[in-house]
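# Sequence and predicted structure are below.
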Amino acid sequence: MIFVTEVLTNAIRAGTAVGYVSVGEVIGQRSGVINLGAEGSMLAGALTAFALTAWTGNPWYGVMCGGISGALMSLIHAFVVITRNANQLATGLAIMFFGQGITAYFGSSYVNLQISGFEPIALPFLSDIPIIGSIFFHHDILTYLSMLMVPLVWVFLFSTKWGVILRATGERDEVVYAHGKSPNCIRYMAVVVGGFFAGVGGAQLSIAFSHSWMENITQGRGLIGVILVIFASWRPERAMLGAYLFGGSQALIVSLQGRGYNFSSFLLFMIPYILTIVVLVMVERTGWNPMPEALKKVFGRG
């Protein structure tokens, strides 16, 4: 039971950063834009948050600036694909490599630097509940905020006027035009908000989860976050669940290694990514894949 509790607790800790990216990408893809550059936004957020926290000693400054830097990276993507009508997949990959390069260059002086970021906080009374308390109620503040973020995004998407307009933008442009709104403006806002979420996810990774910076600290988590949106059928609660599943596979690796099991570390670290591929194949084979109409054009399925 201790082993299971440890894995589940660390699954939430390790999956939160990916969850921020996935939920943000749900918003962007619902508008009809896929952003593979979320990896670049996540890296920018991670470095900016780490640097600001190191300079000021206040991790909240780091979180806000990390989110803004992620949003700015996504703004570049939005301009190129929405205004200039470039290929979304190629542009996203270019933004991803740009993010990797620029953070490696400016982040070299922060390698091996330790900071005082966000620490786990035990919620009074709730953290004392057997098993459940340690799994859900002993985390950093950004993890708690991610748990609150999911129902708020769900309510926005499915219970508000602007949520309906956002979803209509990803389905039928003419409906949005008839309502007197600009689909391009809505897509801009959705992509930038998604980038902000990715930046906050990067901040959680560097100043709450690892308390450190290294080159390419995300190690593909941004791309995994984008891919998990398909697994989630473009719903925020399923996106976060997928992120926890990914985090759980990573937590299992750490727990097994900590108990001295003699497995190849290279094979173990392949597990989360192999699991993601398997889940995607299973989802695709079921045929239950309600992709927004605008995205079908991106993938050549329209």
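On my side now, so go ahead. Computed from a predicted structure; not experimentally measured. Numbers count the residues shown, from 1 in each chain.

# pLDDT value on the residue sitting furthest away from the middle of the chain, please?
Centroid-distance maximum for the chain: Ala178 at 32.9 Å, with C-alpha atoms, centre = their mean. Ala178 is assigned a pLDDT of 85 by the prediction.

# for the one 5 residues further on, same thing?
At Pro183 the predicted local distance difference test score is 94.

# How about the contacts made by it?
Applying C-beta atoms under 8 Å, 6 or more residues apart in numbering to Pro183 gives the contacts Ser31, Gly32, Thr169, Asp173, Val176, Tyr177. Any C-beta I mention is one placed from the backbone N, CA and C, and that applies to glycine too.

# Check which helices and strands the helix or strand encompassing Thr103 sits against.
Using DSSP states H and E, Thr103 falls within helix 88-106. Where contact means 3 or more C-beta pairs under 8 Å, 6 or more residues apart in numbering; DSSP states H and E, helix 88-106 is packed against helix 38-56, helix 59-78.

# and the host helix or strand of Gly202, which residues are buried?
Assigned by DSSP H and E, Gly202 belongs to helix 183-204. Within helix 183-204, the residues scored as buried using 16 or more other C-beta atoms under 10 Å are 183, 186-204.

# My guess is Arg238 contacts Leu245. True?
No. Between Arg238 and Leu245 there is no contact under C-beta atoms under 8 Å: 10.2 Å.

# what residue ranges in the chain are flagged as low confidence?
Low-confidence segments of the chain (pLDDT under 70): 1, 260, 262-269, 271-272, 275-276, 279-289, 299-302.

# Repeat the analysis, applying 80 as the threshold.
Applying pLDDT under 80 to the chain flags residues 1-2, 253-254, 256-290, 296-302.

# related to what we said a few turns ago, give me the distance from the helix holding Gly202 to the chain's centre.
Relative to the chain's own centre, helix 183-204 is displaced by 10 Å; criterion: C-alpha atoms, centre = their mean, to the nearest Å.

# next helix or strand past it?
helix 221-231.

# Tell me the helices and strands packed up against that following helix.
Counting by 3+ C-beta pairs under 8 Å, 6+ apart, helix 221-231 packs on helix 2-30, helix 38-56, helix 183-204, helix 236-258, helix 271-286.

# looking at these, which is buried most?
By mean neighbour count, with neighbours taken as mean count of other C-beta atoms under 10 Å, helix 38-56 ranks first of the helices and strands packed on helix 221-231 at a mean of 29.

# which other helices and strands contact that helix?
With contacts taken as 3+ C-beta pairs under 8 Å, 6+ apart, helix 38-56 sits against helix 2-30, helix 59-78, helix 88-106, helix 183-204, helix 221-231.
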